[in-house]
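# fold the following, please.
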Amino acid sequence: MKRTIVACLLALGCTLAGIAQETYKDRQSYKDWPKLAAKLSNDFFTTQEARRIGDNVLLYQQTTGGWPKNIFIPAELTEEECQKVIDQKDDVNESTIDNKATTTEITYLSRLYNASGIEKYKDAAIRGICYLFEAQYENGGWPQFYPRPKGYYTHITYNDDAMTNVLKLMRDISKGKAPYTYLPEDIRQQAKVSLDKGVDCILKTQVRQNGVLTVWCAQHDEHTLAPAKARAYELPSLSGQESDDIVLFLMSLSKPSPEIIASIDAAVAWFKKVQINGLKRETFTNAEGKKDYRMVPCQEGEECPPLWARFYTLEDNRPFFCDRDGIMRFDLSEIGHERRNGYSWYNSDGLKVFKKYEEWKRKY
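Okay, the predicted model is just below:
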């Protein structure tokens, strides 16, 4: 049964008490929650404010054990907002690993339990971990949303580092690293099994091009493991954005197998092969008075870092771009202003891969 507003206020602490910081009241800052949670000091978790936020985390936990995304959980809630959250709890389709949802809340609750010793925070964190165990496919992948019966949400999702965020959590739990030291041995063992299955999925989904290992698509079909389409402008491709975090994750694993080593070597070789040199982003105001940008050649003598496109063709590594019409184009200027400026088409994160690879190569 759904709880009443009074019960919600008593059990979950949905009050206006706590530190009245403007950032908590800004409902437009939902994307800042994972960043904020990651930066909180250990001392913070001994405060009443930490418990107030922790009670909000409990409030938003879904019946599946997971959490929805894009919610600024520290916001101070009115009675009406509290009841609305409760009324929506039966919508289990909101449970997701996208945008660092669920992993962020598990880590927050774990830190809060360690500081407070309050059992409800531990119990909720374990429910969240068990949700991740349940959501994992037998082949080792995770869908973006679980449970959802259809749509691209069911694909194995590397997009925006969704699956690698879960695997990092499983790695740390299995090793008994802080803040997960309180977890029982059976949970740690399950996390190790989950981690191994996830790594095996990564190895199996690494795309071969003419028999040569390359990198990964942002999402893969959960049945065939082939690169898969998501939104209209996210076509099957080789990802110059998601693949970097996958490689960094693989390099974080201790005692890598020969298969993992081969996977890393091949991915780094691909990043070197497809890097874009001599190009930079230039902002300007277009004819409609809107802020816009274009990619232009670097001037002679100008130092420009190498770039990687978000999407490359599966067949021949051509950078491409796509608008909401789903048509592949090879010039960024050919897509509309909204998608050009509302999506990340280039990045320089491959440099992080190269830096880490030099350290990793000396060790392995």
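
# residues in contact with residue 94?
Counting by C-beta atoms under 8 Å, 6 or more residues apart in numbering, residue 94 makes contact with 62, 68-69, 88, 145. Where C-beta positions appear, they are placed from N, C-alpha and C, glycine not excepted.

# so residue 305 lies in a strand, does it not?
No: counting by DSSP: H, G, I helix; E, B strand; the rest coil, residue 305 is not found in a strand; it is coil.

# tally of neighbours for the nearest residue to it once chain neighbours are set aside?
Nearest residue to residue 305 in three dimensions, chain neighbours excluded: residue 348, at 4.8 Å (C-beta to C-beta, 6 or more residues apart in numbering). Other residues lying near residue 348 total 14 when counted by other C-beta atoms under 10 Å.

# how does the chain divide into domains?
Per automatic domain parsing, the structural domains of the chain span 1-205, 206-364.

# TSV for those domains, including mean pLDDT?
TSV is the format used below for the domains of the chain (pLDDT from 0 to 100):
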stretch	mean pLDDT
domain 1-205	87
domain 206-364	96
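
# single out the most deeply packed of those domains.
Of all those, domain 1-205 has the most neighbours on average by mean count of other C-beta atoms under 10 Å, namely a mean of 18.

# before we move on, back to that, can you lay out the contacts of residue 94 as CSV showing distance to residue 340 and secondary structure?
CSV is the format used below for the contacts of residue 94 (distance: C-beta to C-beta, whole Å; DSSP: H, G, I helix; E, B strand; the rest coil):
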residue, distance to residue 340, secondary structure
62, 35, coil
68, 29, coil
69, 24, coil
88, 34, coil
145, 27, strand
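
# what ranges do the helices span in the stretch 1-150 of the chain?
5-12, 22-25, 32-39, 48-60, 79-87, 103-116, 119-135 (DSSP state H, counting those that start in this stretch).

# quick one: stretch 253-264 to chain centroid distance?
Here stretch 253-264 is found 22 Å from its chain centre; the criterion is C-alpha atoms, centre = their mean, to the nearest Å.

# the residue nearest to residue 305 and residue 306 touch, don't they?
Yes: using C-beta atoms under 8 Å, residue 348 is in contact with residue 306, at 6.6 Å.

# farthest from the middle of the chain: give me that residue.
residue 300 (38.0 Å; C-alpha atoms, centre = their mean).

# can you name the element that comes right after the lengthiest helix in the chain?
For the chain, the longest helix by residue count, based on DSSP state H, is helix 185-205. Per DSSP states H and E, the first helix or strand lying C-terminal to helix 185-205 is strand 208-209.

# please name every helix or strand in contact with the next helix or strand after that next one.
Note on strand 208-209: by DSSP H and E, the next helix or strand toward the C-terminus is strand 212-213. Packing partners of strand 212-213 (3 or more C-beta pairs under 8 Å, 6 or more residues apart in numbering; DSSP states H and E): helix 258-274.

# hmm, try it at 6 Å
The contact analysis (3 or more C-beta pairs under 6 Å, 6 or more residues apart in numbering; DSSP states H and E) places strand 212-213 against no helix or strand.

# much appreciated, bye for now.
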